[in-house]
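okay, here's the prediction I keep looking at, along with the sequence it came from:
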Amino acid sequence: MGAMLEIKNLHASVNDREILKGIDLKVAKGEVHAIMGPNGSGKSTLAGVLAGREAYKITEGQMLFEGQDLEELTPEERAREGIFMAFQYPVEIPGVRNDYFLKAAYNAIRKRRGEEELDAFEFLRLVKEKAKQLEMDPELLKRPVNEGFSGGEKKRNEIFQMAVLDPKLGILDETDSGLDIDALKIVAKGVNALHSPERAFIVITHYQRLLNYIVPDFVHVLSGGRIVRSGGKELALELEQKGYGWVERELASV
Amino acid sequence: MTQAIETTLESYLARFEAFQKESAGRGPAWLLPLRKAAISRFAEVGFPARRDEEWRFTNVTPITQAPFSPAGRPEMLPTLEDLQRVAFERASFHRLVFVNGFYAPSLSSQDLPQGVKAGNLAEALQADSERIERHLGRYASFEHAPFVALNTAFFEDGGFVHIPRGLIVEQPIHLLYLSTGDREQMVSYPRTLIVAEENSHATIIESYAGVGEESTFTNAVTEIALGENAVVDHYKLLREKETAFHVATQQVQLSRTSNFRSHSITLGGAIVRNDINAVLGGEGGECTLNGLYLASGRQLVDNHTAIDHAMPHCDSHELYKGILDGQARGVFNGKIFVRQDAQKTDAKQTNQTLLLSEKAQINTKPQLEIFADDVKCTHGATVGQLQPEALFYLRSRGIGEDDARSLLIYAFASDIIGRIKVAPIREELNATLLARLPGGHRMEELL
């Protein structure tokens, strides 16, 4: 059985500026990959390219998800195939209720899987159960998407959506940034509850701290648009102690 | 071109001569001088041109150059089927139907509390002349409003609502104005007078719709007078045909601690001009103007509002939203005057426009003139497209592009819709909006 996600020599640019300069990465189901790196190394670009952000142009290489070329798929098709990205900056959408929005998304994904749409009652039950797991105030479900949510509530809402939409691959784009330790623990608990042999995660973070709670199988260090080092979870600790300068200096001396 | 305009102007004047002769003896004695003053003023100023600041962005030559002639009493009434589409039949509103500006009792039905009058102006001018004289033409000035002048000169009928002191009318009163357009170039001049006496409360729906094939021109004037502590919720629902021209002035006079709330919804018409003017003429009054307009194709929708804070301690809140697609154009002009005496005024104005295509356009202009020094006045205007980041967010969750766009457009309009307290109007507006959205039918199940 091959990898769920296979990224081969991926080059991507924004406004003609190359950000990703040849990424190779394989993620198999059940695995948790952490991608770490300094600001500007291309971490969020990688997440955006996987989710289908239109501003990013792929200039070389490819991304295969269960054998399908992702470049051929629109963002919504990727979501329906089972890719979910938790946004670094979740978007506020005034006027669209959180639960209505999620129901539209949920049913679109079910339809793609050839499953029946859930009726309102069943959907409500599902949503309440997931909200409870993430210690989310059920009142937030009736509020417009992310509007007036605190930073922690927004991030929790991302993980909550992921829990409801049940993706095959979850991508967390700096979900930990700006969270206090309590919120971080709740988010990590939510992610860990979703951990299964069938599901994979890519956890993008600047700090090692999150990885105390979501333990990765692999850690990759991104720098200057390339993965410059890969290892086990101990690599994260080493980075934490020595700083990103360590990797960059080491590379420069080669 | 000038020649053509003059010819049209001449033809309006000649028509007035004929109208005056034909209707001599009809109507009370005080009315004819008012009509004459109006037509003279029109003869002086003529139709507005683009050089008039008030009409800078709205070219009315398609209206002024066309040889519109008065629709007159309709030969045939619209069918029940026509009516069903626009009459809120299932709602228990008191309904007065006017066809080409003339009352159609056979299509109307009402069950009003004792003392409340809701009827037609032509009859009231006979039966209740004194009361009408105290109000009609007293608020809506034609000095600088040529279309108001024409309406004043030519109106023959329209709605008259009188809510006596202290009475509360629970069910909305629906004045439904239908244009039949069964022959070419018909103009109608509906005139509406609403008087809510001290401490009364009523909800009035004024709706305009077209049923025939031909292009019509509606030139409407509505005067609303609120006594002390009266509350009037007013809805204007414009569902004219895509080919229709509609120019209307709504003039509102508020007394001490009275409360007027306007919801102006424009869904149709080729050229639409709504003027809403409110005078806060007593202390502690409150005026709310909400508006929503949807336009596409080559429609032009122009909303001009003016709130005159003439007295202290009055509040006004204004929220207008437009959704423009195709090559549609929108105009918003929001005037707020705060007179020298109007201390402690609290006025807030917001205008937001969503442009769905590159060719859609909006001209928006707040106009605040403040002569008092202890006041709170704010205004804000935003013009934008759908937020790409919000679209991406929705799509990244599996929602298709059309549906995502629809959700965002709906969301933009939803706060105005949410402020509509009359459920059948809210539902109708919801349905109309959803029907115009690409993913609307899927959203219907959702909401």
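Great, that's in hand.

going forward, measure contacts between C-alpha atoms and count neighbours the same way
OK.

mind checking the longest helix of chain B?
helix B:2-22 (DSSP state H).

now residue A:24: which helix or strand?
strand A:17-27 (DSSP states H and E).

after that strand, which helix or strand is next?
strand A:32-36.

by contact count, what packs against that next one?
Packing contacts for strand A:32-36, counted by 3 or more C-alpha pairs under 8 Å, 6 or more residues apart in numbering or on different chains; DSSP states H and E, involve strand A:200-205, strand A:218-223.

quick check: mean pLDDT of the helix or strand where residue B:175 lies?
Element membership of residue B:175, judged by DSSP H and E, is strand B:173-179. The average of the pLDDT scores along strand B:173-179 is 96.

what do you get for stretch A:5-21?
96.

then stretch B:408-420?
On average, stretch B:408-420 scores 93.

quick one: that stretch near chain A?
Yes - applying C-alpha under 8 Å from any C-alpha of the partner chain, one finds stretch B:408-420 touching chain A at B:408, B:410, B:411, B:412, B:414, B:415.

near chain B, which residues of the stretch 1-150 of chain A?
A:51-53, A:75-80, A:84-85, A:90-96, A:100-101, A:103-106, A:108-109.

where does residue B:298 fall, secondary structure wise?
Counting by DSSP H and E, residue B:298 is found in no helix or strand.

ok, now which ones touch it?
B:270, B:326, B:327, B:328, B:329 (C-alpha atoms under 8 Å, 6 or more residues apart in numbering or on different chains).

which helix or strand in chain B has the lowest average pLDDT?
In chain B, no helix or strand scores lower on mean pLDDT, DSSP states H and E than helix B:440-446, which sits at a mean of 72.

I'd like the distance from it to the chain centre, please.
Computed by C-alpha atoms, centre = their mean, to the nearest Å, the chain-centroid distance of helix B:440-446 equals 30 Å.

which neighbouring elements make contact with the strand holding residue B:175?
Checked by 3+ C-alpha pairs under 8 Å, 6+ apart, strand B:173-179 has strand B:94-99, strand B:201-210 packed alongside it.

of those strands, which is nearest chain A?
Nearest to chain A, of all the helices and strands packed on strand B:173-179, is strand B:201-210, at 25.8 Å by C-alpha to the nearest C-alpha.

which parts of the closest one are buried?
B:201, B:202, B:203, B:204, B:205, B:206, B:207, B:208, B:209, B:210 (16 or more other C-alpha atoms under 10 Å in any protein chain shown).

same deal with stretch B:364-383?
By 16+ other C-alpha under 10 Å, the buried positions in stretch B:364-383 come out as B:364, B:366, B:368, B:370, B:372, B:375, B:377, B:379, B:381, B:383.

contacts for it, please.
Counting by C-alpha under 8 Å, 6+ apart, B:331-355, B:362 sit against stretch B:364-383.

need the buried ones from the residues you listed selected in ChimeraX.
Applying 16+ other C-alpha under 10 Å to the contacts of stretch B:364-383, the buried members can be selected in ChimeraX as follows:
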select /B:331,332,333,334,335,336,337,338,339,341,342,343,344,345,346,347,348,349,350,351,352,353,354,355,362
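
strands - which of the contacts of stretch B:364-383 land there?
Among these, the members found in strands (DSSP state E) are B:331-338, B:346-355, B:362.

who in the stretch 151-300 of chain B is up against chain A?
Counting by C-alpha under 8 Å from any C-alpha, the stretch 151-300 of chain B has no residue next to chain A.

now do the stretch 301-447 of chain B
Contact residues (C-alpha under 8 Å from any C-alpha) of the stretch 301-447 of chain B with chain A: B:389-390, B:392-401, B:407-408, B:410-412, B:414-415, B:443, B:446-447.

report the buried members of these.
B:390, B:392-401, B:407-408, B:410-412, B:414, B:443.

just to revisit the earlier point, now mean pLDDT too, for the helices and strands packed on strand B:173-179, in JSON lines please.
Shown next, in JSON lines, are the helices and strands packed on strand B:173-179 (pLDDT from 0 to 100):
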{"stretch": "strand B:94-99", "mean pLDDT": "95"}
{"stretch": "strand B:201-210", "mean pLDDT": "97"}
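
out of those strands, nearest to residue B:157?
strand B:94-99 (8.5 Å; C-alpha to C-alpha).
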